[in-house]
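# Any chance you could fold what I've pasted below:
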Amino acid sequence: MTDEQNTRRRVWEGIECEDPPAMRHEFDQLLQMAEKMLDSRRKGFPALVAAGEKSEADAQAEIALFEDLVADWRFIASAGSEGEPGRHHTIPERRRALDTSLATIADIAGQQGGFSKSLGRQAGAVIALRWHLEPGRDQVALARLTHQLRADAAAARNSREPAQ
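Here you go, the predicted structure:
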């Protein structure tokens with residue numbers, strides 16, 4: 001059996017990719033994608049609200065959810081040394097928001113007749129963000145643990161240093 005035959009596949013809101021996703025360990029890129037998703041909402045929602053396509057309350061709620069997602073990934077990408085993770089939205093809320101984003105990406109790809117290189121990278125990053133929210137995965141807890149282990153190691157090193 002070839003490696004290709006051994007590769008598991010999964011469909012995320014109509015987008016098929018390898019499972020686990022290739023970008024799952026690219027934490028800096030996942031943070032950048034979360035930031036881009038937040039920025040696009042901040043820039044695009046005022047026009048949607050003005051056109052009556054989205055309520056102000058829904059726009060603000062979605063922006064707040066993506067602010068939490070960015071806070072999570074800033075914390076994760078820094079191994080817990082930068083800021084705090086988001087606190088206002090649950091894992092199921094985060095999952096639903098990313099699932100909606102994946103469905104939108106799939107729709108765009110369908111309208112364009114496939115994935116451009118850029119849209120494919122976007123899909124890969126959003127799938128990886130979503131993959132990290134599956135049951136049994138808790139990158140925020142791992143970032144907290146990493147930060148604590150680093151702090152403990154630094155304290156141990158400092159306690160062994162001779163007095164000056």
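# name the element the most centrally placed residue in the chain belongs to?
For the chain, the residue nearest the mean C-alpha position is residue 129 (3.3 Å; C-alpha atoms, centre = their mean). With elements taken from DSSP states H and E, the one containing residue 129 is helix 117-131.
# Now do that helix: which elements does it pack against?
strand 15-18, helix 27-50, helix 91-112 (3 or more C-beta pairs under 8 Å, 6 or more residues apart in numbering; DSSP states H and E). All C-beta atoms are positioned from the backbone trio N, CA, C, and that covers glycine.
# so how far is that helix from its chain's centroid?
9 Å (C-alpha atoms, centre = their mean, to the nearest Å).
# Hmm, residue 33 and the residue nearest to the centre of the chain touching each other?
Yes: using C-beta atoms under 8 Å, residue 129 is in contact with residue 33, at 6.4 Å.
# circling back to that earlier point, show me the contact partners of the helix holding residue 129.
The contact list for helix 117-131 (C-beta atoms under 8 Å, 6 or more residues apart in numbering) reads 12, 15, 17, 19-24, 26, 29-30, 32-34, 37, 69, 73, 95, 98-99, 101-102, 105-106, 108-109, 112, 115, 137.
# Drop anything exposed from those.
Among the contacts of helix 117-131, those buried by neighbour count (16 or more other C-beta atoms under 10 Å) are 12, 15, 17, 20-21, 23-24, 26, 29-30, 33-34, 37, 69, 73, 98, 101-102, 105-106, 109, 115.
# Can you name the residues in contact with the host helix or strand of residue 155?
Here residue 155 sits within helix 139-160, counting by DSSP H and E. For helix 139-160, the external contacting residues (C-beta under 8 Å, 6+ apart) are 72, 75-76, 78-81, 85, 132.
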